[in-house]
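dropping a prediction and its sequence here:
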Amino acid sequence: MLELYHWEPNTYFLKPLIALHEKRAAFTGRWFDPTAFEQFAPGWPGNTESALQLEREGPILVHDGAIISNSFFMLEYLNDALPGINLCPGGAFEQYRQRAWGQVLTAVGTGVTELGCAKYLAPVLRGIEPATLTARLQSIQPLERRQAWAAVAGGTLDEAALAGVRARLKGPIKRIESALAATPWLAGAEYSIADIDAFSLLNGLPALAPDVLNRDETPRTLEFLERVRERPAVKAALALSRTGRPEEAFVPGAEGSRWG
Amino acid sequence: MLTLYHWEPNANSGKPMLALAEKGVPYESHYLDLLSFDQHSPQYLQVNPEGTIPALVHGERVLTESTPMMEYIDSEFDGPALRPGSALERWRMRWWMRYFDAYFAPSLSMIGWSVFVGPAVRQRDPQELRAAIERIPLESRRIAWRKAMFNEFTPAELEESRRRVVFAIDVLEKHLTAYRWIAGDSYSLGDINGFNLGYALPLSQPERCNDTRTPRIMEWLRKIYERPAARATWAKARTQMGERVKLLERR
């Protein structure tokens, strides 16, 4: 029995949806709305790891009773546990590169979700009656997850802070652009979980930050996104959207470095 | 030809050192003194332009991310398997390594840098220190070193780090109550990662990590320290830092 609890096919939620379609795996999709806080309902599948939620909000996979969280390690798990196309191809060094991309892309996830939340989620939260929202947020555990929601609701990211987020994204985007100059896919000659990870996090970025991702400075990255978007598995994953605008679906993501 | 550039058996440097020792793989060791900024020297920047340690050079291949580096070591070389056989346990191992790397370690190291690394370098000429900062390639590392050298951590930042360390110790104790090792039934890279992060906790957090309050963590640390590979790895320490592991000797 394979169930995936997911929201709109964007960012962390999109990754396992692509992998499941690449694997041609039969699964039951459990679509939920995290902006309506459905993930905090009684009876929601959870364990120690999913409760700590290092990605703040994300998909939950339930496979024969085992509860799997964290979208990148979920990709590795799906590749390990299911038959079908090998999404971690190559030898030890190629797999090292895929995992190293997983680490680099964590910072991309942080920046993209900060920009997306400021633009799309903050107005949604402002539409909720303040006392209702405060009561709702107060029950969220652990503290960092609650603070991430409260930061979006409180509009703590002003224009200057958002400019800082866009500036910090330029470093990892430059690395992606350079890598794609050397090889067709991020970790080498073959399509892998690194490409699924990057596409899922970057799909909404051209609209959010055209100064970071554009034809003049990052042509290879944009071409890469188009190439991934043409894959049947990716098309099928994106077609699961209920709003028709999955690239506008954002909830709080992984925390950035606390060192500054 | 296998070469490891590393500092003390501690934190990120200690991860590949202990993994290689467990596999029984010989390597050429290049010790870099973090407190003398060897990792920002022109010679080392030719190996790793980002100036972070450790770095593993295997033939033409250069690996600089310490946690994926351990998985490479386990895949590439003979010796005992350091990853569990089941997909679920491998997932758990990876999840916990991320928890250590992204949540526990940054808070613990912020405290460590404020009380140890900062004071250790601060008595040097401020101009020399500023020049050393300018040589650091990554902006995030320049910020970290500037904060440590000039004691720029805010009280609120340090307080939040202390809160997180206490919280994470309790989370880890609970986990080790449910599981014998980090991934489940077998010793793995997750334990190697966790040991490098936590071996000095009984010294740095004596009120929070001790035989009465966290008996599972204490037993887990002692079991790892009793492994011949851990003994051999910590015997390579060149400074007083390595001495801290001796607190784990059974009395």
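Thanks, I have it.

helices along the chain, start to end?
Going with chain A. Under the criterion DSSP state H, chain A carries helices at the ranges A:11-22, A:48-52, A:71-81, A:92-116, A:122-126, A:130-138, A:143-153, A:159-182, A:193-202, A:205-208, A:219-229, A:232-238.

actually it's chain B I care about, not the one you picked
The residue ranges that make up the helices of chain B, judged by DSSP H, are B:11-23, B:42-47, B:66-76, B:87-99, B:105-112, B:118-122, B:126-134, B:139-149, B:155-178, B:189-198, B:201-204, B:215-225, B:228-234.

which of the ones you listed is buried the deepest?
Counting by mean count of other Cβ atoms under 10 Å in any protein chain shown, helix B:189-198 has the highest mean neighbour count of the helices of chain B, with a mean of 26. To be clear about C-beta, it is placed using only N, CA and C from the backbone, and glycine gets the same treatment.

which bits of the stretch 51-200 of chain B sit near chain A?
Taking Cβ under 8 Å from any Cβ of the partner chain as the test, the list of the stretch 51-200 of chain B residues beside chain A reads B:61, B:63-65, B:67-69, B:71-72, B:75-76, B:87-88, B:90-92, B:94-96, B:98-99, B:102-103, B:106-107, B:110, B:139-140, B:143-144, B:147, B:157, B:160-161, B:167, B:171, B:174-175, B:178.

distance of the residue nearest to B:H175 when sequence neighbours are not counted relative to A:H6?
By the measure of Cβ to Cβ, 6 or more residues apart in numbering or on different chains, the closest residue to B:H175 outside its immediate chain neighbours is A:T48, 6.4 Å from it. Here the criterion is Cβ to Cβ, to the nearest Å. By it, A:T48 lies 21 Å from A:H6.

got it, and B:A232?
46 Å.

burial count for the closest residue to chain B within the stretch 101-250 of chain A?
Residue nearest to chain B within the stretch 101-250 of chain A (Cβ to the nearest Cβ): A:Q103, separated by 5.5 Å. Counted with other Cβ atoms under 10 Å in any protein chain shown, the neighbours of A:Q103 add up to 16.

A:E49 touches B:W95, doesn't it?
Yes: counting by Cβ atoms under 8 Å, A:E49 touches B:W95, with 5.1 Å between them.

quick one, which of A:T48 and A:H6 is more surrounded?
In this comparison of A:T48 against A:H6, neighbours counted by other Cβ under 10 Å, the higher total goes to A:H6 at 26 against 17.

re earlier: please report the distance of the residue nearest to B:H175 from A:P16.
With the distance defined as Cβ to Cβ, A:T48 ends up 20 Å from A:P16.

can you check A:K23 too?
From A:K23 across to A:P16, the span is 10 Å (Cβ to Cβ).

any residues in contact with both of those two?
When contacts are counted by Cβ atoms under 8 Å, 6 or more residues apart in numbering or on different chains, A:K23 and A:P16 have A:L78 as shared neighbours.

the more surrounded of the two?
In this comparison of A:K23 against A:P16, neighbours counted by other Cβ under 10 Å, the higher total goes to A:P16 at 29 against 19.

so who does the more buried one touch?
Taking Cβ under 8 Å, 6+ apart as the definition of contact, the neighbours of A:P16 are A:4, A:6, A:59, A:61, A:71, A:74-75, A:78.

most surrounded residue in the residues you listed?
Of all the contacts of A:P16, A:L78 has the most neighbours under the rule other Cβ under 10 Å, reaching 29 neighbours.

which residue is the nearest non-sequential neighbour of it?
Leaving aside its sequence neighbours, A:L78 is closest to A:A19 (4.7 Å, by Cβ to Cβ, 6+ apart).

then B:W234?
Excluding the flanking residues, the one nearest B:W234 by Cβ to Cβ, 6+ apart is B:V245, at 4.8 Å.

do you know the pLDDT at that neighbour?
If you check B:V245, the pLDDT there is 96.

and the residue of the stretch 101-250 of chain B that's closest to chain A?
Taking Cβ to the nearest Cβ as the measure, the point where the stretch 101-250 of chain B comes nearest chain A is B:I143, at 4.0 Å.

thought that residue was touching B:M110?
No: B:I143 is not in contact with B:M110 according to Cβ under 8 Å; the separation is 11.9 Å.

name the residues contacting each of those two.
Among the neighbours of B:I143, those also in contact with B:M110 (Cβ under 8 Å, 6+ apart) are A:W259.

got the residues of the stretch 51-200 of chain A near chain B?
Taking Cβ under 8 Å from any Cβ as the contact definition, the stretch 51-200 of chain A meets chain B at A:52, A:54, A:66, A:68-70, A:73-74, A:76-77, A:80-81, A:91-93, A:95-96, A:99-100, A:102-103, A:106, A:142, A:171.

in ChimeraX, how would I select the buried members of those?
In ChimeraX, a selection of the buried entries from these looks like this (16 or more other Cβ atoms under 10 Å in any protein chain shown):
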select /A:52,54,68,69,70,73,74,76,77,81,92,93,95,96,99,100,102,103,106
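
follow-up on the earlier one: got any residues that touch both of A:E49 and B:W95?
A:69-70.

so what does A:N47 have for phi and psi?
Reported as degrees, to the nearest 10, the phi and psi values for A:N47 are phi -150, psi -170.

quick one: neighbours of it, just the number.
Residues contacting A:N47 under the criterion other Cβ under 10 Å number 14.

show me the chain divided up by domain.
You didn't pick a chain, so chain A it is. Following automatic domain parsing, one finds the domains of chain A at A:2-81, A:92-231.

you looked at the wrong chain, it should be chain B
Structural domains assigned to chain B are B:2-76, B:87-248, following automatic domain parsing.

format those as CSV; extra columns: distance to A:G155.
What follows is those, written out as CSV (distance: least, Cβ to Cβ, whole Å):
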stretch, distance to A:G155
domain B:2-76, 35
domain B:87-248, 21
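
could you report the separation of the residue of the stretch 101-250 of chain B closest to chain A from B:M149?
11 Å.

check contacts around the closest residue to B:I73 other than its chain neighbours.
Taking Cβ to Cβ, 6+ apart, and ignoring the residues beside it in sequence, B:I73 has B:A19 as its nearest neighbour in space, at 4.7 Å. Under the criterion of Cβ under 8 Å, 6+ apart, the contact list for B:A19 reads B:69-70, B:73-74, B:82, B:189, B:192.

nearest to chain A, of the residues you listed?
The shortest separation between chain A and any of the contacts of B:A19 is 7.0 Å, and it belongs to B:M69 (by Cβ to the nearest Cβ).

with adjacent residues omitted, what lies nearest to that closest one?
Leaving aside its sequence neighbours, B:M69 sits nearest to B:L63 (Cβ to Cβ, 6+ apart; 4.6 Å).

I'd say that neighbour and B:T52 touch.
No: between B:L63 and B:T52 there is no contact, the gap being 11.5 Å when judged by Cβ under 8 Å.

between those two, which has more neighbouring residues?
The residue with more neighbours, out of B:L63 and B:T52 and counting by other Cβ under 10 Å, is B:L63; that gives 23 against 20.

you'd agree the residue nearest to A:L78 is up against A:I196?
Yes: distance between A:A19 and A:I196: 6.0 Å, which falls inside the contact criterion (Cβ under 8 Å).

joint contacts of the two?
If you check A:A19 and A:I196 against Cβ under 8 Å, 6+ apart, the residues they both contact are A:75, A:87.

if we can go back for a sec, so what pLDDT did the residue nearest to A:L78 get?
According to the predicted model, the pLDDT of A:A19 comes to 99.

identify the residue nearest B:N196 in space, chain neighbours excluded?
B:N196 sits nearest to B:G14 (Cβ to Cβ, 6+ apart), 3.9 Å away.
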